[in-house]
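Asks: let me see the structure of the following:
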Amino acid sequence: MNTISSPKIAISIAVLVVLVSGCASTFKATYDHDPANNFSGYRTYAWISEHPMKVGPTSRIANPLLESRIMSSMERAFGAKNYSKVEDATKADFAVSFTVGSREEIDVDSYPTMYAGRGYPSHWGWGGSYYGYGTETSVRQYTKGMLAIDVFDVDGRRPVWHGVATKSISESDRRDAAGTIDAAVDAVLSGFPPQ
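Replies: Residues are numbered from 1 along each chain as shown. The predicted structure is shown next:
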């Protein structure tokens, strides 16, 4: 009996892990690259400068602690892809910088609704209820966060890859800053190197 249920349990757990991991990140990522660049020779990377973070348009004051947190997350992600970090950018195959930003957005949705009411006096014999149509509107304000990562070829001294991830930032995203940063970095770097 255990031999039959064990594979079923294992399959159920695997399906659950896939479903949960699919829901864990709702970052939408897009990528662009120079198709003439040979990414297959890349083995080492370096930060483009001592402070590789740029702050793009933002509706909030950028948190200076983000820089070191994003750098650590990117070093983890590049390490998982077998890239080695070197301190001297001139000795690296590629250099990396990143940009953070956010903006407040408002969603306004209108949709038709139906309502019932009393229209004509029923003593007329043909009166009674009537139905009408109206419009209901909902307004939602939210913060959209953005992380962009840029890769530069060191020998050619030119940009060769760009990836950006965006997401509506929830209160739980703010509470779990490390998890949110990892999800954003993983979403962007899932497209690097380009296939």
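
Asks: ok, which stretches of this protein are helices?
Replies: Ranges of helices within the chain are 2-24, 66-80, 171-175, 177-189, based on DSSP state H.

Asks: which of those has the lowest average pLDDT?
Replies: Lowest mean pLDDT of those: helix 2-24, a mean of 41.

Asks: okay, now Ser84: neighbour count?
Replies: 12 (other CB atoms under 10 Å). (Each C-beta comes from the backbone N, C-alpha and C, glycine too.)

Asks: adjust the sequence numbering to begin at 662 for everything that follows.
Replies: With 662 as the first residue, the last one maps to Ser745.

Asks: these two touch, right, it and Thr705?
Replies: Yes. Counting by CB atoms under 8 Å, Ser745 touches Thr705, with 5.0 Å between them.

Asks: tell me where this protein is predicted with low confidence.
Replies: Per-residue confidence for the chain (pLDDT under 70) gives these ranges: 662-686, 719-721, 764-772, 774-796, 798-804.

Asks: quick one: the strands in it?
Replies: In the chain, the strands defined using DSSP state E lie at 689-694, 705-708, 714-716, 745-746, 755-781, 789-814, 819-830.

Asks: quick one, what contacts Met807?
Replies: Shown in contact with Met807 (CB atoms under 8 Å, 6 or more residues apart in numbering): Gly717, Thr760, Val761, Gly762, Ser763, Val825, Ala826, Thr827.

Asks: give the burial count for the last one, as a bare number.
Replies: When counting by other CB under 10 Å, one arrives at 20 neighbours for Thr827.

Asks: without its sequence neighbours, what residue ends up closest to it?
Replies: Among residues not flanking Thr827 along the chain, Met807 sits closest, at 4.9 Å (CB to CB, 6 or more residues apart in numbering).

Asks: do you know how far the one you found is from Arg818?
Replies: Distance, Met807 to Arg818, using CB to CB, to the nearest Å: 26 Å.

Asks: next one: Ser851
Replies: 26 Å.

Asks: tell me which of these two has more neighbours.
Replies: Ser851 (14 against 8).

Asks: I'd say that one and Lys689 touch.
Replies: No. Using CB under 8 Å, Ser851 is not in contact with Lys689; the gap is 11.7 Å.

Asks: who is Ser829 paired with across the strands?
Replies: Using DSSP bridges, the bridge partners assigned to Ser829 are Lys805.

Asks: what residues are up against Glu748?
Replies: Contacts here follow CB under 8 Å, 6+ apart; on that basis Glu748 touches Ala707.

Asks: what about it, distance to Ala707?
Replies: 7 Å.
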